[in-house]
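Trainee: model this:
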Amino acid sequence: MKTIAVVGPKKSGKTLLVTSLVESLKRYGAVGTVKHMPHHAFEDKGDTRRHFEAGADVVVGVGRVQFKVTRDGGLESALDELRSSGVDFAVVEGFKRSNLPKIVLGGIKVPHCIRRVDVSQIDEGLVEDLVRMVIGLEDLEG
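Mentor: Next comes the predicted model:
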């Protein structure tokens, strides 16, 4: 499973980029997403719904209320859930301290940044470049 995290401060365009990546990656296989939700409970009309509307096959939310994850509810459990669901690509929104390769929005400093973008740069060409980058990543081993 190819895995990429999209990180940045609040309102930096993370969900826009995640949904754009999901829509494009769907041409190459099944896509799952993980949404880091540390400060709010699940809402079916929030970002997780936007992930589904973009075409995600599986969406896992990790926060105060966990759904579709095991009891420990961490990132690894969420990724295991995606892996066991048979997805080819995992797009993670948040988890800036993880060891996953990251696309970073905004000026935050995080480990494993492989590309920085600004929300104003998000267009079809950039998304296609990022999709090629994701396809070229090594599979995340579980």
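
Trainee: tell me, what residue is most central in this protein?
Mentor: V92 (2.2 Å; Cα atoms, centre = their mean).

Trainee: Check the secondary structure at that residue for me.
Mentor: strand (DSSP: H, G, I helix; E, B strand; the rest coil).

Trainee: Quick check: it touching L100?
Mentor: Yes: between V92 and L100 there is a contact under Cβ atoms under 8 Å: 6.1 Å. The way it works is simple: take the backbone N, C-alpha and C, and place the C-beta from them, glycine included.

Trainee: what sits in contact with each of those two?
Mentor: Common neighbours of V92 and L100, using Cβ atoms under 8 Å, 6 or more residues apart in numbering, are 3-5.

Trainee: Give the burial count for E141, as a bare number.
Mentor: E141 is flanked by 6 other residues according to other Cβ atoms under 10 Å.

Trainee: could you measure it against S20, distance?
Mentor: 27 Å (Cβ to Cβ, to the nearest Å).

Trainee: same thing with V7?
Mentor: Computed as Cβ to Cβ, the V7 to S20 distance reads 15 Å.

Trainee: just G107 next, same as before
Mentor: 21 Å.

Trainee: out of these two, which sits in the busier spot?
Mentor: The neighbour count for G107 versus S20, taken as other Cβ under 10 Å, is higher for S20 (22 against 10).

Trainee: so the more buried one touches V119, yeah?
Mentor: No: contact between S20 and V119 fails when scored by Cβ under 8 Å: they sit 10.9 Å apart.

Trainee: Strands of the chain, start to end?
Mentor: 2-7, 31-37, 58-63, 89-93, 102-105, 113-117 (DSSP state E).

Trainee: I'd like the ones you listed as TSV, with distance to R132 and mean pLDDT appended.
Mentor: TSV is the format used below for the strands of the chain (distance: least, Cβ to Cβ, whole Å; pLDDT from 0 to 100):
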stretch	distance to R132	mean pLDDT
strand 2-7	11	97
strand 31-37	15	86
strand 58-63	23	76
strand 89-93	12	96
strand 102-105	13	98
strand 113-117	11	97
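
Trainee: Nearest to E81, out of these?
Mentor: strand 58-63 (5.4 Å; Cβ to Cβ).

Trainee: Listing request: residues of this protein with sub-threshold pLDDT.
Mentor: Scanning the chain for pLDDT under 70 picks out the ranges 37-47, 63-73, 142.
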